[in-house]
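Student: my questions are about this predicted structure, shown below with the sequence.
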Protein chains: 2
Amino acid sequence: VRVLIAGADGYLGWSLLLHLAARGHVVAGFDNLSRRARVREMGSDSATPIASWAARLPLAEARGIEFLLADAAGSPDLIAATVRDFKPDAVVQFAEIPSAPYSMIPGREWEVQQNNLASTWSIMNAIRKHAPDCHLVKLGTMGEYGTPNLPIPEGYAEMLVVNRRVGSVDWSQTDTVPFPRQPGSFYHASKVHGTINLALAAKTWGLACTDIQQGVVFGCETADMTHPDLLTRLDFDEYFGTAINRFCCQAVIGHPITVYGKGGQTRGFLPLADSMQCIQLILENPAGAGEHRVINQIESTYSVRELAHIVRREALNLGMPARVSHIDNPRDEAEEHFYQVEAEKLRVMGYVPSTGVGAEVRRMLITLAKYKDRIEKFRHVLVPQQHWSGEKIPCATT
Amino acid sequence: VRVLIAGADGYLGWSLLLHLAARGHVVAGFDNLSRRARVREMGSDSATPIASWAARLPLAEARGIEFLLADAAGSPDLIAATVRDFKPDAVVQFAEIPSAPYSMIPGREWEVQQNNLASTWSIMNAIRKHAPDCHLVKLGTMGEYGTPNLPIPEGYAEMLVVNRRVGSVDWSQTDTVPFPRQPGSFYHASKVHGTINLALAAKTWGLACTDIQQGVVFGCETADMTHPDLLTRLDFDEYFGTAINRFCCQAVIGHPITVYGKGGQTRGFLPLADSMQCIQLILENPAGAGEHRVINQIESTYSVRELAHIVRREALNLGMPARVSHIDNPRDEAEEHFYQVEAEKLRVMGYVPSTGVGAEVRRMLITLAKYKDRIEKFRHVLVPQQHWSGEKIPCATT
């Protein structure tokens, strides 16, 4: 498969570039390096010492990968020319700003939504014009669904309105409809906007679309990162870090593992290597023309509290002093709730989880211990300050 | 109530300015005049000879209305200063590009979404910063819901997933969720994006929001338009014209009344005067802090075919030769479908429909007959060319 990856310099993008190239696919990628800039602006850096763009270029070239500097949101013409020249069978859209807290900084809501919508439009229009049979694989998030008191199907479900007075309206009918989306941040909302646009482009333009509702990815390497120069980034700051990755960085430097609120927040998770396996399966089993295929991409669901204790246990086993600490929740979210997810489509395609969460956390702690000094340097970004209300004040221990 | 109207030069904006000022409210409005420019660019003009911006200024001033030139999407700082200085109790957001076919012109999808999202962000951020208790009244559309095989509640409903295999997932639970939205164009999608952002701003910022899911408005005047200089615009071109308004313009010049496809497309409609009455009721009965109140604003539902025959009948009664003609449907939409809408909230507030559709159409035909020459001049814009697939070819009579 000829695959073009938008956002190829990021956590998932760089990993996928290496993963696909090592498996015989023809791969190209582009990025505007804005993730590097935004993490620096937020006062942090990747825990792993990633290669600069200039250093990644020859590494990519040596693997037959075309690697371009391009801003998907700002340069639709360049993206169109890239699609025209590369003739991809699939484009993977990773070129979005992936941070909920960042999107809740007053005044940055529209920066996130503008970038995320504009970059997807550049790609959709490029495909429509130059490669109409191309498979668009867009990264969404399980967070699009929020935490309803309903099991979560894969994108669509047959549903019914219940408990309404009868009157002149017939409330007994059922229909297959998009499952309701209840995003919890303006970033998550931008992903729902993308889902809505994709569904419509599939219907009216005939675009072949896979919309991945991905869980939280954790892990700092894959089997393809055979040398430290090949490592992908790993963020742990309050903006771009995510639960397990941040917990491991905290454990490595002896910082308390900070759980937001009660920690009953339950989400889908999957290891980085599994995310690569799943996306490969999706690329090798494309959506049909005009199809908006929604796939829930998770290995399993865990509460944040459970995960914190898994990280603590694995850290203690490695002789790292580790403890779990609950802090005020800066987010506006349910801290104890129902959560059940249907995630069958990838299993049917052949997805087999590669590892247990404990084993993966152990590997992460060992790798991250090498970069302890880098993490220690940014100790101040490990406790969140950005509240969903807009206020910026450090969260206190409860 | 002190009301600030965004998009005050448009069809509804100018009408609401006059309506509220005549009823003792303190009113200000702004606009960037982009509707005038876009209609001209599409090769058409308003059927009614509306006053220029310069001529409207003293008309507004004489009624105590502040009337400013400002681009909501492009000038967030100016919008913030306007909210800071005017201190509104409510802002009415009409500053969006309101055309489904326009949004389906290849390359204009993002122009529509960018404008509609950015303008709402300017307003939301201005309110948050300078008038946090202000009531945000945003115009959405009944088209956000699409045409599901389910009755349409007002925004939210208790729902259930049906007919799933049982397995380990409990599918029997119910929850109150946002009713699924299935927009039929990228314009309608932009309104769904707005609804999602509004719901989240209500929840996380505590904004008081009313989200109007309005039906198609028809009619070319209200009781406040006591002089031709005060008339609001009335568009009839394929991009900015809507069903009944376009049908009346066609009847007035003896052009066939063109129904797209079978004409079983059923939608909610309401006269212009009723839209004004409803918005006044909403302003006088504001949403609470943190509330995302969704209101279905329609008088009744009709199929496009029924409406075409009502216009034909009224035109014949006035001695205008009129006939109904079916043409290829440029849109991707169901032409016969289930459609039931719940619209109780406005009735509870006191909304009483002012007139029957036949009587209103008769009034429109009499008024529009005065501007027959203006409509005749743009006869070529009465048959659609812009298909949902992106192609631009005139639709043939079926």
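Tutor: Looks like it arrived, so ask away.
Student: tell me where the model's unsure across chain A.
Tutor: For chain A, the stretches with pLDDT under 70 are A:165-167.
Student: check the offset of stretch A:213-227 from the chain's centre.
Tutor: 11 Å (CA atoms, centre = their mean, to the nearest Å).
Student: buried residues, it. List them.
Tutor: Residues of stretch A:213-227 classed as buried: A:213-222, A:224-225 (neighbour count, 16 or more other CB atoms under 10 Å in any protein chain shown). (C-beta placed from N, C-alpha, C; glycine too.)
Student: OK, contacts around A:His337?
Tutor: A:147, A:149, A:264-266 (CB atoms under 8 Å, 6 or more residues apart in numbering or on different chains).
Student: look up phi and psi at it.
Tutor: phi -160, psi 160 (degrees, to the nearest 10).
Student: picking that back up, tell me the one of the buried residues of stretch A:213-227 nearest B:Gly390?
Tutor: For the buried residues of stretch A:213-227, the minimum distance to B:Gly390 (CB to CB) is 27.9 Å, reached by A:Gln213.
Student: residues touching that closest one, list them.
Tutor: Contacts of A:Gln213 (CB under 8 Å, 6+ apart): A:140-142, A:144-145, A:154-155, A:294-297.
Student: over to A:Ala322?
Tutor: A:251, A:254, A:257, A:311-312, A:315-316.
Student: would a markdown table of these with neighbour count and distance to chain B be doable?
Tutor: A markdown table is the format used below for those (neighbours: other CB atoms under 10 Å in any protein chain shown; distance: CB to the nearest CB, whole Å):
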| residue | neighbour count | distance to chain B |
| --- | --- | --- |
| A:Ala251 | 28 | 31 |
| A:Gly254 | 14 | 34 |
| A:Ile257 | 24 | 26 |
| A:Val311 | 30 | 27 |
| A:Arg312 | 21 | 28 |
| A:Ala315 | 24 | 31 |
| A:Leu316 | 13 | 32 |
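Student: just the ones of the residues you listed in strands?
Tutor: Judged by DSSP state E, those include A:Ile257 as members of strands.
Student: greatest separation within the contacts of A:Ala322: which pair is it?
Tutor: It's A:Gly254 and A:Val311 that sit farthest apart of the contacts of A:Ala322, by CB to CB, at 12.8 Å.
Student: quick check: A:Arg2 touching A:Asp85?
Tutor: No. Using CB atoms under 8 Å, A:Arg2 is not in contact with A:Asp85; the gap is 11.5 Å.
Student: who's more crowded, the two?
Tutor: A:Arg2 (15 against 11; other CB atoms under 10 Å in any protein chain shown).
Student: roughly how far apart are the more buried one and A:His25?
Tutor: Relative to A:His25, A:Arg2 is positioned 7 Å away (CB to CB, to the nearest Å).
Student: okay, strands next: where are they in the stretch 201-350 of chain A?
Tutor: According to DSSP state E, counting those that start in this stretch, the stretch 201-350 of chain A carries its strands in the segments A:208-214, A:216-218, A:257-260, A:266-271, A:292-297, A:300-303, A:324-327.
Student: same for the third one, what does it pack against?
Tutor: If you count contacts as 3 or more CB pairs under 8 Å, 6 or more residues apart in numbering or on different chains; DSSP states H and E, strand A:257-260 packs onto helix A:243-252, helix A:304-317, strand A:324-327.
Student: what pairs with it, parallel or antiparallel?
Tutor: Partner strands and pairing direction for strand A:257-260 (DSSP bridges) are strand A:324-327 (parallel).
Student: swap in the fourth one?
Tutor: Next to strand A:266-271 in the sheet, as set by DSSP bridges, lie strand A:216-218 (parallel), strand A:300-303 (antiparallel).
Student: got a list of contacts for the shortest one?
Tutor: The contact list for strand A:216-218, computed with CB under 8 Å, 6+ apart, reads A:11-12, A:142, A:242-245, A:248, A:267-272, A:275, A:357, A:360-361, A:364.
Student: what segments of chain A are helices?
Tutor: Assigned by DSSP state H, chain A shows helices spanning A:11-21, A:34-41, A:53-62, A:76-86, A:100-103, A:109-130, A:186-205, A:243-252, A:272-284, A:304-317, A:345-349, A:357-369, A:372-377.
Student: what helices and strands are in contact with the last one?
Tutor: Looking back up the chat, that one is helix A:372-377. Going by 3+ CB pairs under 8 Å, 6+ apart, helix A:372-377 lies up against helix A:243-252.
Student: can you list the buried residues in the helix it packs on?
Tutor: Quick answer for helix A:243-252 (16+ other CB under 10 Å): A:243-252.
Student: can you check stretch A:273-289 too?
Tutor: Under 16+ other CB under 10 Å, the buried positions of stretch A:273-289 are A:273-283, A:286-287.
Student: which among these gets closest to chain B?
Tutor: Sorting the buried residues of stretch A:273-289 by distance to chain B puts A:Ala287 at the head of the list, at 18.4 Å, by CB to the nearest CB.
Student: my guess is that closest one contacts A:Arg293. True?
Tutor: Yes. The criterion here is CB under 8 Å, and A:Ala287 meets it with A:Arg293 at 4.2 Å.
Student: who in the stretch 151-300 of chain A is up against chain B?
Tutor: A:151, A:153, A:157-164, A:169-171, A:173-175, A:177-186, A:189, A:192-193, A:196-197, A:200, A:203-206 (CB under 8 Å from any CB of the partner chain).
Student: just the buried ones among these, please.
Tutor: A:151, A:153, A:157, A:159-161, A:169, A:171, A:174-175, A:177-186, A:189, A:192-193, A:196-197, A:200, A:203-205.
Student: could you report the distance from whichever residue of the stretch 1-150 of chain A sits closest to chain B to A:His337?
Tutor: Chain B sits closest to A:Asn149 of the stretch 1-150 of chain A, with a gap of 3.8 Å, by CB to the nearest CB. Note on A:Asn149: its distance to A:His337, by CB to CB, is 7 Å.
Student: please apply the same query to A:Ile65.
Tutor: 42 Å.
Student: go on, A:Asp85?
Tutor: For A:Asp85, the distance to A:His337 equals 48 Å [CB to CB].
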